[in-house]
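**Student:** Generate coordinates for the sequence data below:
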Amino acid sequence: MTVHGAQYPVLQNLFPPKDPLLEGLECYVVGGAVRDALLGLPAGDRDWVVVGATPEQLAQRGFIPVGGDFPVFLHPKTKEEFALARTERKSGKGYKGFTFYTGVDVSLADDLRRRDLTINALAVDAQGQLHDPLQGYNDLEQRTLRHIGEAFIEDPVRLLRLARFAARFADFSIAEQTAELAKQLVENGEVDALVPERVWQELHKGLLTAHPMRMMQVLDECGALGRVMPGLMLNHSVEAALACAVQTELSTEQRFALLCYQSPEPEQLAVQLRAPTAYKELARLLPLFMRGLSEAVSIEDIANLLQRCDVLRRPERFDQVLDAASCAFAFNRAQWGRYAAAFKKVDAGAIAKAHVGQGKQIPAAVWQARLQALALTS
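**Tutor:** Sure, this is the predicted structure:
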């Protein structure tokens with residue numbers, strides 16, 4: 001195994017100063033935290049691998065078992081996850097079709113070889129030494145996303161992760177052989193075993209990146225996009241809208257709505273992906289507002305559009321729609337904010353009191369009051 005030595009002081013910060021529970025254990029921080037530290041980025045959650053130990057030994061130290069398919073333990077104080085080093089073997093279709101082995105003879109290198117990309121197969125020990133059996137550090141320096149072995153084509157989640165990392169690290173290129181294996185993974189049908197919830201999990205992370213469109217492009221180039229997000233329509237307008245959403249720091253709900261606003265059935269796409277309700281609603285409302293915007297030529301048109309967008313009950317969501325629409329369409333956003341405020345300001349309760357005994361006339365009176373308020377705002 002390549003051991004780079006203790007020439008990376010930033011890696012020494014990944015280990016706690018002194019933790020009695022870790023004394024005598026051969027354990028390593030692995031994966032993303034190591035990668036990001038080497039790139040000078042804030043290190044996220046630490047993932048730990050323990051080599052040469054049994055589940056019983058970890059339990060005796062006070063670690064809390066939580067693993068299902070393979071032994072994973074929570075540190076009793078930090079609640080960080082500690083996994084026993086393991087190997088995996090393909091035993092069925094899809095990303096769940098694997099059997100695992102976690103014997104004490106599994107080495108750190110064995111564990112790292114089962115990972116997706118070389119830049120995610122880095123580990124650091126308590127002395128700050130970088131363990132790099134797959135030349136991931138070199139790929140970091142070369143800004144390259146490279147798969148680990150032919151097993152890449154056995155797990156379709158690795159394709160989603162490749163696309164997401166391409167979005168996160170936009171200045172990284174994808175190794176030619178890795179791109180070819182991505183296409184093969186689609187052609188052999190493995191990608192069809194992905195469940196919507198897993199696709200959504202990776203898509204949501206991709207939407208948080210600085211270049212979410214690149215995730216879609218990578219999936220499209222290998223033929224996976226139509227399989228995992230059927231009906232999604234991409235073009236330069238969507239790309240520009242997403243870039244604007246990133247620049248203006250819009251929420252992931254707004255970014256998703258912009259991603260699919262030109263697709264034939266954006267709300268249905270959200271349903272297929274099992275997206276949360278807030279995403280479904282915004283995916284439905286954004287194209288509705290944008291269509292109505294081009295047709296709203298009278299005060300009554302404006303009032304009807306505000307009503308359809310449910311501005312009275314969900315004003316904060318309408319503000320989200322306005323901000324998202326600003327990234328996709330040129331319109332007077334401030335004016336529509338004033339329309340919404342005027343529409344909401346009408347005191348329906350006071351009008352009802354003024355029409356005591358005239359119940360059937362109240363809705364019409366309220367509507368007329370809102371039209372008048374909009375007219376004064378124009």
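**Student:** L293 - nearest residue in space that isn't next to it in sequence?
**Tutor:** Take L293 and drop its neighbours on the chain: the residue closest to it by CB to CB, 6 or more residues apart in numbering is F331, 5.7 Å away. From N, CA and C alone the C-beta is placed, and that goes for glycine too.
**Student:** for E80, that is, sorry about that
**Tutor:** Leaving aside its sequence neighbours, E80 sits nearest to R46 (CB to CB, 6+ apart; 5.7 Å).
**Student:** Relative to P76, how far out is the one you found?
**Tutor:** With distances taken as CB to CB, to the nearest Å, R46 is found 16 Å from P76.
**Student:** With neighbour numbers in mind, choose between those two.
**Tutor:** R46 (20 against 11; other CB atoms under 10 Å).
**Student:** What segments of the stretch 101-250 of the chain are strands?
**Tutor:** Using DSSP state E, counting those that start in this stretch, the strands found in the stretch 101-250 of the chain span residues 123-124, 130-131, 144-145, 173-174.
**Student:** Point out the most buried one among the ones you listed.
**Tutor:** Each of the strands of the stretch 101-250 of the chain was scored by mean neighbour count; the highest is strand 123-124, a mean of 27, by mean count of other CB atoms under 10 Å.
**Student:** what is the mean pLDDT for it?
**Tutor:** Strand 123-124 carries an average pLDDT of 94.
**Student:** ok, that strand: who's next to it in the sheet?
**Tutor:** As defined by DSSP bridges, the strand partners of strand 123-124 come to strand 26-30 (antiparallel), strand 130-131 (antiparallel).
**Student:** ok, and what's touching it?
**Tutor:** Contacts with strand 123-124, where a contact means CB atoms under 8 Å, 6 or more residues apart in numbering, come from 8, 11, 14-15, 28-31, 34, 49, 108, 112, 130-132.
**Student:** Go again with 10 Å.
**Tutor:** Outside strand 123-124, the residues within contact range by CB atoms under 10 Å, 6 or more residues apart in numbering are 1, 3-4, 6, 8, 10-15, 27-31, 33-34, 37-38, 46-49, 51, 108-109, 111-112, 129-133, 136.
**Student:** if I look at H355, how far off is H131?
**Tutor:** Distance from H355 to H131, by CB to CB: 78 Å.
**Student:** P17 too?
**Tutor:** Using CB to CB, P17 is found at 21 Å from H131.
**Student:** which stretches of the chain have low pLDDT?
**Tutor:** Low-confidence segments of the chain (pLDDT under 70): 1-7, 67-70, 89-99, 356-359.
**Student:** care to break it down by domain?
**Tutor:** Listed domain ranges for the chain are 1-142, 348-377 (source: automatic domain parsing).
**Student:** Redo these as JSON lines? Include distance to A182.
**Tutor:** Listed next are the domains of the chain as JSON lines, based on distance: least, CB to CB, whole Å:
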{"stretch": "domain 1-142", "distance to A182": "11"}
{"stretch": "domain 348-377", "distance to A182": "52"}
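**Student:** Out of those, indicate the one that is most buried.
**Tutor:** Comparing these by mean neighbour count (mean count of other CB under 10 Å), domain 1-142 comes out on top with a mean of 17.
**Student:** Longest helix of this structure, counting residues only.
**Tutor:** Within the chain, and with DSSP state H defining each element, the longest helix by residue count is helix 277-295.
**Student:** Any buried residues in it, and which?
**Tutor:** Within helix 277-295, the residues that count as buried by 16 or more other CB atoms under 10 Å are 278-290, 292-293.
**Student:** on that earlier part again, could you save the strands of the stretch 101-250 of the chain as a markdown table and add columns showing distance to T209?
**Tutor:** Below are the strands of the stretch 101-250 of the chain laid out as a markdown table (distance: least, CB to CB, whole Å):
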| stretch | distance to T209 |
| --- | --- |
| strand 123-124 | 25 |
| strand 130-131 | 25 |
| strand 144-145 | 14 |
| strand 173-174 | 15 |
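**Student:** Nearest to G231, out of those strands?
**Tutor:** With CB to CB as the criterion, G231 lies closest to strand 173-174 of those, at 25.4 Å.
**Student:** I'd guessed M215 sits against V199; true?
**Tutor:** No: counting by CB atoms under 10 Å, V199 is not a contact partner of M215; they are 11.2 Å apart.
**Student:** so what's in contact with these two at the same time?
**Tutor:** L160.
**Student:** re the thing from before, let me have the strands paired with strand 123-124 in JSON lines, extended by distance to L159.
**Tutor:** Output for the strands paired with strand 123-124, formatted as JSON lines (distance: least, CB to CB, whole Å):
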{"stretch": "strand 26-30", "distance to L159": "21"}
{"stretch": "strand 130-131", "distance to L159": "26"}
